[in-house]
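1. Everything below, folded, please.
(chains A and B)
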Amino acid sequence: MQDGGAVPNTADGNPSASTASGSRLSVRGLTVQFAMPMGIVRAVDNVSLDIAQGETVGVVGESGSGKSVTFLSVMGMVRQPGRIVAGSVELDGRDLSQLDREELRGIRGRDISMVFQDPQTSLNPVFPIGKQIVDVFRAHLPISKDEARRRALEVLDLVHIPEAKNRFDSFPHEFSGGMRQRVLIAMALALRPRFIIADEPTTALDVTMQAQILELLHELKQEINIGLVLITHDLGVVARSADRVIVMYGGKIVEQGDVRTIFYEPRHPYTVSLMRSMPRIDMVRGERLHSIGGSPPSLSGLPAGCAFHPRCFLGAERPKCRTETPELHDAGRGGHRSACHYANELELVSTDAPKVGEVVARAGAQTTGEALLEVRDLRMHYPAASFQVPWNRKVVKAVDGVSFSVREGETLGIVGESGCGKSTLGRCLIRLIEPTSGSIAFRGSEISHLGVRDMRALRTDIQMVFQDPYASLDPRMTVESILREPFEAHGQADARTTHKIKELMAHVGLNPEHIERRPHEFSGGQRQRIGIARALALKPKLIILDEPVSALDVSVQAQIINLLKDLQAEFKLTYLFIAHDLSVVRHICDRVMVMYLGRIIEAGDRDTLFADPRHPYTKVLLSAVPLPDPDKERARAHVVVPGSVPSPINPPRGCHFHPRCPSAAALAGSMPADELEQLADGGVLPKPCVNAYPDIGAEADGHVQACHFVGVDNQNTGTRGR
Amino acid sequence: MLRYAIGRLLLVIPTIFGMVVLAFFMLRALPGDPATAILGEFATPQALERLRSSLRLDEPLLSQFYHYVTGMMTGDWGRSALTRKPAMAEVMSVVMPSMALAFASIFVAIVIGIPVGVLSAVKQGTGIDYLLVALTIIGISFPVFWLGLITIVVFAHTIPLFPAVGAGAPGSLLSQTHALVLPAIVLGSGGAAYIARLTRSSMLEVMNQDYILVARAMGISESRILFVYAMRSALPAILSVIGVTFAVSIGNAILVEVVFARPGLGSLIIKATFSRDYQLLQAGLLMLAVSVVLVNFVIDLLYPIIDPRLRR
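-> Numbers count the residues shown, from 1 in each chain, chains lettered A, B, ... in the order given. Coordinates of the predicted model:
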């Protein structure tokens, strides 16, 4: 369908692929400015890049790096008050910035199309998905509705929407997040464009969904000769999928090169720092993460000279860094370019690539301490709708019979995909919501039935830090009043409170002189520090951290993780760390519990669990997280499970995981027929998986899991390498 | 969908019953004696007594209420105390011009309001936007009777395009429509302003949604994005304001009918109020209430047609 399609795709097993012929998308000297009330903000500054048909280019950077604006400009979709002030965008020599609106519209979707971050909001909720794809065809081709429908069904098949014909007239809300992203990819692919720009296409998805979508993109790139731009903050995604990498910072490209060069021989200190500050799922990088000081710069006040110099470990405030803006220059083989004055010095710096299996001894982890919190058979069942007839009540079993204990001084991680009940569990524990049944004992005394007053007293011992540092602080209050609240609420405010507040601020790394400032004057990371200070104010024993770093940029995330570790050592804190990011959990936690649909399916010591996962779901989760290491990531086997987490209103009977379980499916092949259960969809699975929920067993080493067949050899679990 | 419709319909019944109760007791709370109001100040005590007993005014309130409700169930709405004709027949004889006015004004409100709102949203931040927003403020804040008088002076007197008074010749649709133009525009202007403002804000909200960005990235034309993608999503919010606008219009229709000297429920209700004609008032008020409830019922049925997420 496309000319130049004969170029073989060499990405498989050889990340340093490039394509010589085919279409080419070139950006030259692109500069985009936004006229804001505080002045002109230069979001993209003199950016030049090339994308060839058939290659995948990863574009990496933190918030405000200009990566999204660059590619919106390529599409001619920067809106007021933004404006392209210089540069050109050329598609095979045709300057797109000179086209009129209608010509540009003809390019969009047909030659270059886009996939966005959030599949929940990217489809029009009031039209069936089929119609939305048909519209894309009809916007560009003079074809009949029937013809458009036929072609739409074709692309839906291409992205593996099961029973596309029957689901053609379904509405977006009838699909899961992963399925919606497939529909959006189908839309982007509809006219077989030469280039697809995917802006954080998997960021809003759970890891198992992310693995499915990455697999799909990879497969499509093989089938159809497209140039894929993968904008992401996740180095793991880049390592897995990209041929080339572009690193952006402060609106500029700071480094570019092929994926192996960027990962193994980076020549820009920002790239190096970014890689070092990422926690990894396959190893523990010592107690502290490398962290980049400060936060990503605001584009309205970029530092002079090299924008990265205030945070740079290499430049060390050398005068050249402060005064002279470095240009991209050759830094090695194969088009490797870096914008650092002292790039050569980086040859001597290790990227801190630790040896496989390296386990660093943890200091001060007291996993043998007394049980601080003991939870027995905790349940939280919500009614599924506000009005229900009494004979047909449906409940959402958000937390369904969970038992565990948290030992003094440890960090217990709770991980799972969205809908697994981890956040509900955290809220139940401090009774922000009232659990339906079960017992919670804090230091041996039952707290699940305490009255309002006693519970209030207990809140000085158990505190919580929330996910969103923007939403969890009142924008109208000063830092002082935010941090004074806990003291006042518990009648502890006195003449020394202001002094204590300043101490708290210093402890969490905030400047005590900023006590009169309001939340909007702080960056995201600083706001999360305020949230942590608020939790610390009354010297609690236990802090429940609900996704405390997931809204933060990688470099800031590392700072907050380090801070949490320091505070834990200093104040002898116990943490309950709720997160979906397994790499972060691996780094910070002593023990880990994995939840699926309201139940714990596996729990154990961090290193045991990550090195030797036993439950099939845990294996799937671990294998779905991409490693920020191209060679290792591409060599290892990936277990991609079908489907998404089912609704907790009507969880599958038996083991909740059985409909997606690769082990059960593999086992069924080797079992006699009388031990198998026939399923409604025609498949067969072992009887116990379908009929009985496996009890979570107890083992000597404290590593427990809930799978009927864990002892059985399930090596052959549909695992496939790439 | 059917279940949803039935559920909505079941809600209509208690709503109407609530109105019956309110209309009855609020009228009884009015000061003044209906019998004196009807027979005049010089009526003999015996005549007053007779009238009261024939109207059941001498019975306890709850007993009156009982007779009123049971009468209603059997189609007997009582008789107008003034004209001695059945109250419902009196109401029905003037209901058509009133409903024509109310629906014509809603039509005007929609036809003006939605395009103005869309234009204002598309031209956000420009002079056109500011001008239109200013006009909507005028539309909302000017009282209808004042607007009515001005239009009569301008379009019936200075430039005699339309009749100043009346509802047109009976039997002639053309003349009736001609007579409807000015009152409908006057009555519809406030609604148009409300609808325009709401259309503007909900269009602006929808245009910022990710799926509009996606549609643009796929090369869908701007006009299709605006009138199909965005409009459809903005419609539920606009519909809900149309329901409210109808209720407000029904109330204002009374004023407009007086200004344009149109026959209709408005003049009937005013007449009945001054003469403490309870039966007639009850029937008239109920007719207004039922029309508002029914219009909103229809709007409720439209929501799930527009937004599939509301379908069960």
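
2. C-alpha only now, for contacts and for neighbours.
-> Noted.

3. so where do the strands sit in the stretch 101-250 of chain A?
-> Ranges of strands in the stretch 101-250 of chain A, per DSSP state E, counting those that start in this stretch, are A:112-115, A:195-199, A:227-232, A:244-249.

4. for the stretch 101-250 of chain B, which spans come out with low pLDDT?
-> Nowhere does the stretch 101-250 of chain B drop to pLDDT under 70.

5. Flag every residue of it that's near chain A.
-> B:209-214, B:216-221, B:229, B:232-233 (Cα under 8 Å from any Cα of the partner chain).

6. which among those residues end up buried?
-> B:210-214, B:216-221, B:229, B:232-233 (16 or more other Cα atoms under 10 Å in any protein chain shown).

7. Mind checking the strands of the stretch 101-250 of chain A for the one nearest to B:Leu61?
-> Smallest distance to B:Leu61 across the strands of the stretch 101-250 of chain A (Cα to Cα): 69.4 Å, for strand A:112-115.

8. which residues sit in contact with A:Val554?
-> A:62, A:233, A:274, A:277-278 (Cα atoms under 8 Å, 6 or more residues apart in numbering or on different chains).

9. Single out the most deeply packed of the strands of the stretch 101-250 of chain A.
-> strand A:112-115 (a mean of 28; mean count of other Cα atoms under 10 Å in any protein chain shown).

10. For chain A, which residues are neighbours of chain B?
-> Counting by Cα under 8 Å from any Cα, chain A comes close to chain B at A:75, A:77, A:105-110, A:113-116, A:121-127, A:135-136, A:139-140, A:171, A:173, A:187-188.

11. List the buried residues for stretch A:40-51?
-> A:41-48, A:51.

12. pLDDT check: weakest of these?
-> Within the buried residues of stretch A:40-51, A:Val41 has the lowest pLDDT, namely 87.

13. Neighbouring strands - and their directions - for the host helix or strand of that one?
-> For A:Val41, the host element (DSSP states H and E) is strand A:39-52. Strand A:39-52 pairs in its sheet with strand A:24-36 (antiparallel), by DSSP bridges.

14. The partner strand - what's its average pLDDT?
-> 92.

15. With just CA atoms, put it into PDB.
-> This file holds the C-alpha atoms of strand A:24-36, laid out as PDB (Å, rounded to 0.1, in the frame of the first residue of the first chain):
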ATOM      1  CA  ARG A  24      11.000  11.100   5.900                       C
ATOM      2  CA  LEU A  25       9.600  13.600   8.400                       C
ATOM      3  CA  SER A  26      12.000  16.400   9.100                       C
ATOM      4  CA  VAL A  27      11.800  19.100  11.600                       C
ATOM      5  CA  ARG A  28      14.200  22.000  11.200                       C
ATOM      6  CA  GLY A  29      14.900  24.800  13.700                       C
ATOM      7  CA  LEU A  30      11.400  24.500  15.200                       C
ATOM      8  CA  THR A  31      10.700  27.200  17.800                       C
ATOM      9  CA  VAL A  32       7.300  27.500  19.500                       C
ATOM     10  CA  GLN A  33       6.300  30.300  21.800                       C
ATOM     11  CA  PHE A  34       3.300  30.800  24.100                       C
ATOM     12  CA  ALA A  35       2.200  34.300  24.900                       C
ATOM     13  CA  MET A  36       1.300  34.000  28.600                       C
END
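
16. who's in contact with it?
-> Contacts for strand A:24-36 (Cα under 8 Å, 6+ apart): A:40-53, A:69-70, A:73-74, A:80-92.

17. Any buried residues in it, and which?
-> For strand A:24-36, a neighbour-count test (16+ other Cα under 10 Å) marks A:24-27, A:29-34 as buried.

18. Same list (these) but as JSON lines, adding distance to B:Leu198.
-> Listed next are the buried residues of strand A:24-36 as JSON lines, based on distance: Cα to Cα, whole Å:
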{"residue": "A:Arg24", "distance to B:Leu198": "46"}
{"residue": "A:Leu25", "distance to B:Leu198": "43"}
{"residue": "A:Ser26", "distance to B:Leu198": "44"}
{"residue": "A:Val27", "distance to B:Leu198": "42"}
{"residue": "A:Gly29", "distance to B:Leu198": "43"}
{"residue": "A:Leu30", "distance to B:Leu198": "39"}
{"residue": "A:Thr31", "distance to B:Leu198": "38"}
{"residue": "A:Val32", "distance to B:Leu198": "34"}
{"residue": "A:Gln33", "distance to B:Leu198": "32"}
{"residue": "A:Phe34", "distance to B:Leu198": "29"}
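
19. Surely A:Glu446 and A:Ile440 touch.
-> Yes: with contacts counted by Cα atoms under 8 Å, A:Glu446 reaches A:Ile440, the gap being 5.8 Å.

20. Please identify which of those two sits among more neighbours.
-> Ranked by neighbour count (other Cα atoms under 10 Å in any protein chain shown), A:Glu446 and A:Ile440 place A:Ile440 first, with 26 against 14.

21. and that one, that's in a helix?
-> No: per DSSP: H, G, I helix; E, B strand; the rest coil, A:Ile440 lies outside any helix segment and is strand.

22. can you pull the contacts of it?
-> Neighbouring residues of A:Ile440 by Cα under 8 Å, 6+ apart: A:373-376, A:378, A:429, A:446-448.

23. Now flag whichever of those residues is closest to chain B.
-> Distance to chain B, by Cα to the nearest Cα, is smallest for A:Leu378 among the contacts of A:Ile440, at 32.5 Å.

24. contacting residues for the nearest residue to the closest one once chain neighbours are set aside?
-> Nearest non-adjacent residue to A:Leu378, counting by Cα to Cα, 6 or more residues apart in numbering or on different chains: A:Gly438, 4.0 Å away. For A:Gly438, the contacting residues are A:375-379, A:401, A:448, by Cα under 8 Å, 6+ apart.

25. Would you reformat these as TSV and include pLDDT and secondary structure?
-> Output for these, formatted as TSV (pLDDT from 0 to 100; DSSP: H, G, I helix; E, B strand; the rest coil):
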residue	pLDDT	secondary structure
A:Val375	93	strand
A:Arg376	92	strand
A:Asp377	92	strand
A:Leu378	93	strand
A:Arg379	93	strand
A:Gly401	89	strand
A:Ser448	86	coil
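
26. Who wins on neighbours among the residues you listed?
-> A:Arg379 (24 neighbours).

27. for that residue, what are its contacts?
-> Applying Cα under 8 Å, 6+ apart, the residues near A:Arg379 are A:397-402, A:435-438.

28. Show me what the helix or strand containing B:Ile110 is packed against.
-> If you go by DSSP H and E, B:Ile110 is part of helix B:87-122. The contact analysis (3 or more Cα pairs under 8 Å, 6 or more residues apart in numbering or on different chains; DSSP states H and E) places helix B:87-122 against helix B:127-141, helix B:173-207, helix B:231-259, helix B:265-274, helix B:278-306.

29. give me phi/psi at the closest residue to A:Val237 other than its chain neighbours?
-> Residue nearest to A:Val237 in three dimensions, not counting chain neighbours: A:Pro626, with 5.9 Å by Cα to Cα, 6+ apart. In terms of degrees, to the nearest 10, the main-chain angles of A:Pro626 are phi -70, psi 140.

30. looking at it, A:Pro626 is touching A:Ser241, isn't it?
-> No: judged on Cα under 8 Å, A:Pro626 makes no contact with A:Ser241 at a distance of 9.5 Å.

31. helix/strand/coil for A:Leu373?
-> strand.

32. Report the contact partners of it.
-> A:405-407, A:440-444.

33. Out of these, which comes closest to chain B?
-> A:Ile440 (38.6 Å).

34. Look up which residues are beta-bridged to the closest one.
-> Beta-bridge partners of A:Ile440, as defined by DSSP bridges: A:Val375.

35. Give me the pLDDT for it.
-> pLDDT, A:Ile440: 93.

36. Quickly note the distance from it to A:Arg376.
-> 6 Å (Cα to Cα, to the nearest Å).

37. And for B:Gly188?
-> Distance from B:Gly188 to A:Arg376, by Cα to Cα: 65 Å.

38. and what of A:Arg288?
-> 34 Å.

39. can you count the residues close to the closest residue to A:Ala239 other than its chain neighbours?
-> Spatial nearest neighbour of A:Ala239, excluding adjacent residues (Cα to Cα, 6+ apart): A:Pro630 at 4.3 Å. Applying other Cα under 10 Å, we find 27 residues neighbouring A:Pro630.
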